[in-house]
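J.: Below: sequence and its predicted model.
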Amino acid sequence: MRQGALHILHDQKRVSYPEGTKAVPIELGDVLLVQPKSVVVLRERKATLTLGSNAVFQIKADGGDDNALRSLFGRFQATVQKHFANEVYTVKTSTATIGVKGTEFQVATSAQGDITLLCTESVVEVTAPSGDAQTVLPGQVVVALNGKDTVTPAALPPEAVKTALSDNHLDSPPVTAKAASNLPAEASLVTAGIVTESELRNAKLTEPDYRDAPELDAEDRAPEVRYGPEQLQPAKPRVGPVLSLDLRG
């Protein structure tokens, strides 16, 4: 039996969609709150994104004809349609911009905005607010941390990281939980030399700082999520596309 639920913060109000909802109108500025034991599949023109339990996403304007998705918290898997291979599909976080062309990848975003990204097909480019960019090939992983101006070099991840970022492990703890500050398989990331314990510790204690990244607009800054989704403040909405949502447990 399928089960699942989604809450949307829309125009300062929370709207709930239960199991079985097939099409939901999404507007710019809306914040999507995937509920516990739920999975939400977003299908749109260029890509399909599978959002795991407790994930928090926001729909933002990107200045073009499409909308940009902001990963504020939680895990998701993305598959970009190959016939858009000449176009860049973008997902943003508070610590990085993820640009992809015809690819598949998995991302985990902590409550502080730290991310771990695993590329499983084609090529992904991860760019820090400073402009530092890393090209990620299939089977490689990168980490972007709060308070760092660079992204870690692309590396082959240990098995624990690959397992933690597989499509069978998309669940996250509630954004208000202490564990929400952790990235998947942190100990393995440290053992493999991808990040250090001090870098992880400092990232968890550092607020995102956009003063040295003027190319990021003020409205592009991620809402604060570490104290709970009730504090998210959606931007003033306007009519956007209808996305197909498949809610399943």
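T.: Everything's here; your move.

J.: okay, CA-based contacts and neighbour counts for the rest of this
T.: OK.

J.: which residues in this protein form helices?
T.: Using DSSP state H, the helices of the chain run over residues 159-164, 186-191, 197-205.

J.: So for the longest one, what gets flagged as buried?
T.: Yep, that's helix 197-205 we're talking about. Across helix 197-205, burial judged by 16 or more other Cα atoms under 10 Å covers 200, 203-204.

J.: List just the nearest of these to Leu32.
T.: Lys204 (23.6 Å; Cα to Cα).

J.: The helices of the chain into TSV, with extra columns for distance to Lys101 and mean pLDDT?
T.: What follows is these, written out as TSV (distance: least, Cα to Cα, whole Å; pLDDT from 0 to 100):
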stretch	distance to Lys101	mean pLDDT
helix 159-164	21	94
helix 186-191	26	96
helix 197-205	29	90
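
J.: Make TSV from these and add distance to Gly139 to it.
T.: Below are the helices of the chain laid out as TSV (distance: least, Cα to Cα, whole Å):
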stretch	distance to Gly139
helix 159-164	9
helix 186-191	15
helix 197-205	22
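
J.: quick one: which of the ones you listed is nearest Asp149?
T.: Of the helices of the chain, nearest to Asp149 by Cα to Cα is helix 197-205, at 11.5 Å.

J.: Could you pull up the contacting residues of Ser16?
T.: 5-8 (Cα atoms under 8 Å, 6 or more residues apart in numbering).

J.: can I get those in TSV with pLDDT and distance to Ala78?
T.: Below are those laid out as TSV (pLDDT from 0 to 100; distance: Cα to Cα, whole Å):
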residue	pLDDT	distance to Ala78
Ala5	83	20
Leu6	85	18
His7	84	21
Ile8	85	20
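
J.: Just the ones in strands from these, please.
T.: Within the contacts of Ser16, residues falling in strands by DSSP state E are 6-8.

J.: tell me which of those residues is nearest to Leu156?
T.: Using Cα to Cα, those come closest to Leu156 at Leu6, 34.5 Å.

J.: Just grab the bridge partners of the closest one for me.
T.: Counting by DSSP bridges, Leu6 is bridged to Tyr17, Val34.

J.: Which residue, other than its chain neighbours, is closest to Val136?
T.: Nearest residue to Val136 in three dimensions, chain neighbours excluded: Val124, at 5.0 Å (Cα to Cα, 6 or more residues apart in numbering).

J.: separation between the residue positioned nearest the centre of the chain and Asn146?
T.: Centroid-nearest residue in the chain, with Cα atoms, centre = their mean: Ser71, separated by 2.9 Å. Counting by Cα to Cα, to the nearest Å, the gap from Ser71 to Asn146 is 14 Å.

J.: Next: Ile98.
T.: Per Cα to Cα, Ile98 is found 16 Å from Asn146.

J.: the more surrounded of these two?
T.: Between Ile98 and Asn146, Asn146 has the larger neighbour count (other Cα atoms under 10 Å), namely 24 against 20.

J.: if we can go back for a sec, so can I have TSV of the contacts of Ser16 showing neighbour count and distance to Tyr17?
T.: Shown next, in TSV, are the contacts of Ser16 (neighbours: other Cα atoms under 10 Å; distance: Cα to Cα, whole Å):
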residue	neighbour count	distance to Tyr17
Ala5	23	6
Leu6	24	5
His7	17	6
Ile8	21	8
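
J.: ok, so of these, who is nearest Glu104?
T.: Lowest distance from Glu104 to the contacts of Ser16 (Cα to Cα) belongs to Leu6, with 23.8 Å.

J.: ok, that closest one - contacts?
T.: Applying Cα under 8 Å, 6+ apart, the residues contacting Leu6 are 16-18, 32-35, 38, 40, 247.

J.: mind redoing it with 6 Å?
T.: Counting by Cα atoms under 6 Å, 6 or more residues apart in numbering, Leu6 touches 16-17, 33-35.

J.: Of these, just the buried ones, ChimeraX syntax please.
T.: Remark: buried members of the contacts of Leu6, expressed as a ChimeraX selection using 16+ other Cα under 10 Å:
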select :17,33,34,35
